[in-house]
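S.K.: need a 3D model of the following:
(2 chains)
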Amino acid sequence: GDSVTQMEGPVTLSEEAFLTINCTYTATGYPSLFWYVQYPGEGLQLLLKATKADDKGSNKGFEATYRKETTSFHLEKGSVQVSDSAVYFCALEGSTLGRLYFGRGTQLTVWP
Amino acid sequence: GAGVSQSPSNKVTEKGKDVELRCDPISGHTALYWYRQSLGQGLEFLIYFQGNSAPDKSGLPSDRFSAERTGGSVSTLTIQRTQQEDSAVYLCASSLSTGARTYEQYFGPGTRLTVT
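M.R.: The predicted model follows:
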């Protein structure tokens, strides 16, 4: 069945460091891929998405490229800020429309 | 406009009691989803309503869980005879949907359920 595996946290970085959070998936067909973010005390928000192979989603300095050959959708940011501290979830929408499969989430803490 | 709202924000109940959790989706969104976020299981899909179609209930963990959506808007998730393993944050989301594709899901703040 469809599933998502993302790197375990927590991840702790200094401001301006480079961030990578790994995400791989298992799915039949051609899923859509997402990164959601949950800031402290807030609800889940869509950060970026990609709907087909080789698409790059980007938002707020974050990027992720849909790699079908490696079944991956790693999240990257070149220079993190304290305000990026949050929990990040990788997700996919597979053959069942509307149903999202989430990874376990990765807690990111950025120190000044 | 207003986002997805959920009530109550926190609920503490005794084992064996029934609970009802409410979700008000964004106006005009035809699709509504319930998820559960727990320490042991991460974020799990529970149920999906799309317009007037029969809901996708495939994620409900047991027959103690049920949900309804009245008038294509407000939804209630009911858990009967609650157990301690039901303790979790219950998230509701809504989106536009044409039936052929879905759009971004907007999440509510969640209801934190604690079963004692």
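S.K.: strands along the chain, start to end?
M.R.: With no chain named, the answer covers chain A. For chain A, the strands defined by DSSP state E cover A:3-6, A:11-14, A:19-21, A:23-26, A:32-38, A:44-50, A:56-59, A:62-65, A:75-77, A:86-93, A:100-102, A:106-111.
S.K.: wait, chain B was what I had in mind.
M.R.: Ranges of strands in chain B, per DSSP E, are B:5-7, B:10-13, B:19-24, B:31-38, B:42-50, B:65-69, B:75-79, B:88-95, B:106-107, B:111-115.
S.K.: now stretch A:84-98: buried residues?
M.R.: Buried residues in stretch A:84-98, counted by 16 or more other CB atoms under 10 Å in any protein chain shown: A:84-94, A:97-98. Where C-beta positions appear, they are placed from N, C-alpha and C, glycine not excepted.
S.K.: columns pLDDT and distance to B:Gly51 on top of the residues you listed, output as JSON lines?
M.R.: Shown next, in JSON lines, are those (pLDDT from 0 to 100; distance: CB to CB, whole Å):
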{"residue": "A:Asp84", "pLDDT": "97", "distance to B:Gly51": "37"}
{"residue": "A:Ser85", "pLDDT": "97", "distance to B:Gly51": "38"}
{"residue": "A:Ala86", "pLDDT": "96", "distance to B:Gly51": "33"}
{"residue": "A:Val87", "pLDDT": "94", "distance to B:Gly51": "32"}
{"residue": "A:Tyr88", "pLDDT": "96", "distance to B:Gly51": "31"}
{"residue": "A:Phe89", "pLDDT": "96", "distance to B:Gly51": "27"}
{"residue": "A:Cys90", "pLDDT": "97", "distance to B:Gly51": "28"}
{"residue": "A:Ala91", "pLDDT": "95", "distance to B:Gly51": "23"}
{"residue": "A:Leu92", "pLDDT": "93", "distance to B:Gly51": "23"}
{"residue": "A:Glu93", "pLDDT": "90", "distance to B:Gly51": "18"}
{"residue": "A:Gly94", "pLDDT": "84", "distance to B:Gly51": "21"}
{"residue": "A:Leu97", "pLDDT": "77", "distance to B:Gly51": "12"}
{"residue": "A:Gly98", "pLDDT": "81", "distance to B:Gly51": "11"}
